Structure formats: C-alpha cells, structure tokens
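Chemist: predicted model follows, preceded by the sequence.
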Amino acid sequence: MALAYASVLVAAVVTTGLVAGLFFAFTFAVMRGLGRTDDVTAVHAMRAINAAILNGWFLSIFIGTPVLLVIAALLTWSAFPAGALPTLLVALGCYLATLVITGRVHVPLNMALAAAGVDTAADLRRARAGFERPWVWWNMVRTSTSVAAFVAVATSLVLQ
C-alpha cells in the first residue's frame, strides 16, 4: 500500500509540475515572444500551437493529473488520516481552477482564433486583438493556479 501510494503521489507531483511548467513557459516566453511579432506571424503561430497541443501526450497528462490527485487524496484519507490530506485538497482545488479557466476561457478563444477569417491585414488585426490580451491575462491566472497546485502537491509529498 505504501509503495502504491508513494507512486501515485510522485506521479501527481510530476504531472502537476509539467502542466505548471508549460503554462509558465507560455506566460514568460512564448506569448511575450509572439507579442513582439507581426499579426500574420502571431495568428498563424498560435493556430499551429493550438492544433499541435491537442495530442495524446499532453491530454493524458492534463486530464490525468486531477485523477492522480483524487487517487492520492483518497489513499491519504483512507491509509494516512493524519497525513497530507489538506495540501492534496488544496492542490486539487487549484488544479480544478486551472481546468475551469482552460475550458471556459482558453478553449473558446482558441476555437474563435481557428475560425476567424484572416484574408486581409484588417482580419488578422481583428483576430489577434480579440484573442491575445484576454488569452495572455487568463494564462497568467492559470499559471498561478497551476503553480499553486504544484507547490501544494509537492508539499504533500514532503509532509508524507
């Protein structure tokens, strides 16, 4: 039981860290770099990124992380009642906030960008203007929630 629990908890730390790192990289490198480009480059690059990220590796980690957090919390609650349950619940709450932000903000913005007509310079400006500012701002928020989830789950590992 202890080995299974430790394995799940370590996997939850790793996957939470991977997601937090991805959003951190977008906040502090990718979107800042795209912000320095012209409309054609920014719009087409984001469309390509949004299409490329929808792959099995990313989705299994992104969706698998809350599953691992729930399993770790259940194992902690049942086998180690004095353990790190509060920090696991904080991690789960923060990660769920990350999922909600992604589903309610980023996915619709990505879909709108993919569907936008970009035949003229004015089209490109409109597509970028409707996408970039809210996407970047909310990505900073989800970076914060995912980093908070990572800190909480890592703390759970240390406490346990």
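Modeler: Sure thing, it's come through.

Chemist: what helices or strands is the longest helix along the chain leaning on?
Modeler: Ranked by residue count under DSSP state H, the longest helix found in the chain is helix 121-159. When contacts are defined as 3 or more C-beta pairs under 8 Å, 6 or more residues apart in numbering; DSSP states H and E, helix 121-159 sits against helix 2-25, helix 31-35, helix 39-52, helix 56-79, helix 85-101, helix 107-115. Bear in mind the C-beta positions are built from the backbone N, C-alpha and C, glycine included.

Chemist: relative orientation of the last one and helix 121-159 in degrees?
Modeler: Between helix 107-115 and helix 121-159, the angle comes out at 150 degrees (axes from the mean of the first three to the mean of the last three C-alpha atoms, to 10 degrees).

Chemist: which of the residues in helix 107-115 are buried?
Modeler: Within helix 107-115, the residues that qualify as buried are 109-110, 113, counting by 16 or more other C-beta atoms under 10 Å.

Chemist: run through who's touching that helix.
Modeler: With C-beta atoms under 8 Å, 6 or more residues apart in numbering as the contact definition, helix 107-115 has outside contacts at 43, 46-47, 50-51, 127, 130-131, 134-135.

Chemist: using PDB, write out every CA atom in it.
Modeler: Listed next in PDB are the C-alpha coordinates belonging to helix 107-115 (Å, rounded to 0.1, in the frame of the first residue of the first chain):
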ATOM      1  CA  VAL A 107     -10.600  26.700 -25.400                       C
ATOM      2  CA  PRO A 108     -13.300  29.200 -26.700                       C
ATOM      3  CA  LEU A 109     -10.600  31.800 -27.500                       C
ATOM      4  CA  ASN A 110      -8.600  29.100 -29.400                       C
ATOM      5  CA  MET A 111     -11.600  28.000 -31.300                       C
ATOM      6  CA  ALA A 112     -12.500  31.600 -32.200                       C
ATOM      7  CA  LEU A 113      -9.000  32.200 -33.500                       C
ATOM      8  CA  ALA A 114      -9.100  29.000 -35.500                       C
ATOM      9  CA  ALA A 115     -12.400  30.000 -37.100                       C
END
